[in-house]
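Colleague: the following block contains a protein sequence and its predicted model.
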Amino acid sequence: RHKDHHWSYQDMPEWASEFPHCEGRMQSPINIDTAAVSFSAKLEPLVLSGYDLPPKETLPLVNNGHTVLLGLPKKMTLSGGGFPQPYQAAQLHLHWGSGHSQPGSEHTVDGHRYAGEIHVVHYSSRFESLQEAASEPGGLAVLAAFLQVGMETNEPYQHILKQLRDIKEEGEETAVAGFDVAKLLPDDLDRYFRYNGSLTTPPCYQTVNWTVFNQTVRLSREQISVLEETLHGDEEEPIQSNFRLLQNLNGRSVLSSFQ
Ligand SMILES: NS(=O)(=O)c1c(F)c(F)c(SCCc2ccc(C(=O)O)cc2)c(F)c1NC1CCCCCCC1
Ligand SMILES: [Zn+2]
């Protein structure tokens, strides 16, 4: 895998010196102040198609030093949701905290940070590739759901979590048999927040149509701990608290599909 720039979550203030978009005015993540969101009837239910992948189809699972990335086939498409055109899946990855007291979601809701967050990254069908779409306005649509600690093991997440020990080191890769990727998201896809923002990592392109689900996903405490304690990035450092600091709204409005 190409060596991405030397940036880390420890040198966030320096990101803008190498990646100028990171000091733009439409950055992510943000705090969602539920008292200030506006309902929009245009925000129809999301439609996921092709997410139920047959087991014979294998997906690459990569430790890229910043998160765990699951590569997704572009036949998985996202439509509805008030999107101007359909989007095609590219990858999903996770953000998490460090140990029992430090949660690691990227977005917060009314100042509350959740244990973790899943991002399913899609690119607009107007473009040939993720790389081309990533720098174009409206090029990306990311579905975000919060991970919370619950009482039960979340079996769909085991497809990813049980393989983390095989990719402990940066650059390591393994294969995951196809499964229904929609099961990694909440059951209720109709209630979500929507705003325009950016990638939460360099190059911070301001090209992301964000959808943040209202309903959370529950994983067991052990599953969250596996996520927090297994992967290592640069110099054997554990990958922990891989979330960006909250960014200003700068006058942007956050919409909701529900009242
Ligand atoms: N929350 S997010 O969507 O902004 C995001 C992060 F916060 C991320 F932290 C990441 S991982 C860090 C960026 C990266 C590094 C290496 C490689 C590789 O070796 O292929 C790929 C990406 C990460 F991959 C993503 N998503 C990527 C952003 C970088 C590439 C542009 C388009 C895909 C979305
Ligand atoms: Zn992300």
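Modeller: Right, received. Where do you want to start? Numbering: from 1, shown residues only. Ligands and ions are numbered 1, 2, ... in the order given.

Colleague: Trp210 touches Ala145, doesn't it?
Modeller: No - using CB atoms under 8 Å as the test, Trp210 is too far from Ala145 to be in contact (11.8 Å). All C-beta spots, glycine's among them, are computed from the backbone N, C-alpha and C.

Colleague: okay, now the unreliable bits of the stretch 1-150 of the chain?
Modeller: Low-confidence segments of the stretch 1-150 of the chain (pLDDT under 70): 1-5, 100.

Colleague: just the strands in the stretch 151-259 of the chain please.
Modeller: Remark: strands assigned in the stretch 151-259 of the chain by DSSP state E, counting those that start in this stretch are 173-177, 192-197, 208-213, 217-220, 255-256.

Colleague: for ligand 1, which of these is the nearest?
Modeller: strand 208-213 (7.3 Å; CB to the nearest ligand atom).

Colleague: contacts for that closest one next, please.
Modeller: 28, 32, 46, 81, 83, 107, 138, 140-146, 185-186, 188-189, 191-199 (CB atoms under 8 Å, 6 or more residues apart in numbering).

Colleague: run the last query once more with 6 Å
Modeller: Applying CB atoms under 6 Å, 6 or more residues apart in numbering, the external contacts of strand 208-213 come out as 107, 140-145, 186, 192-195, 197-198.

Colleague: once you drop chain neighbours, what's closest to the residue in the stretch 51-200 of the chain positioned nearest to ligand 1?
Modeller: For the stretch 51-200 of the chain and ligand 1, the shortest gap (CB to the nearest ligand atom) falls at Leu199, measuring 3.4 Å. Excluding the flanking residues, the one nearest Leu199 by CB to CB, 6 or more residues apart in numbering is Tyr205, at 5.3 Å.

Colleague: and the gap between the closest residue to Ala175 other than its chain neighbours and Thr174?
Modeller: Of all residues not flanking Ala175 in the chain, Thr58 sits nearest, at 4.2 Å (CB to CB, 6+ apart). Look at Thr58 and Thr174: by CB to CB, to the nearest Å, they are 9 Å apart.

Colleague: outside of stretch 78-89, which residues touch it?
Modeller: 42-47, 72, 74, 76-77, 122-126, 141.

Colleague: between the strands of the stretch 151-259 of the chain, which one is nearest to Gln158?
Modeller: Minimum separation from Gln158 across those (CB to CB) falls at strand 217-220, 9.5 Å.

Colleague: next one: that closest one to chain centre, how far?
Modeller: Offset of strand 217-220 from its chain centre (CA atoms, centre = their mean, to the nearest Å): 16 Å.

Colleague: ok, stretch 61-68 next?
Modeller: 13 Å.

Colleague: what's next to the strand or helix carrying Gln148, contact-wise?
Modeller: According to DSSP states H and E, Gln148 maps onto strand 140-150. Here strand 140-150 makes contact (CB under 6 Å, 6+ apart) with 87, 105, 114-123, 185-186, 207-213, 216-219, 221, 224.
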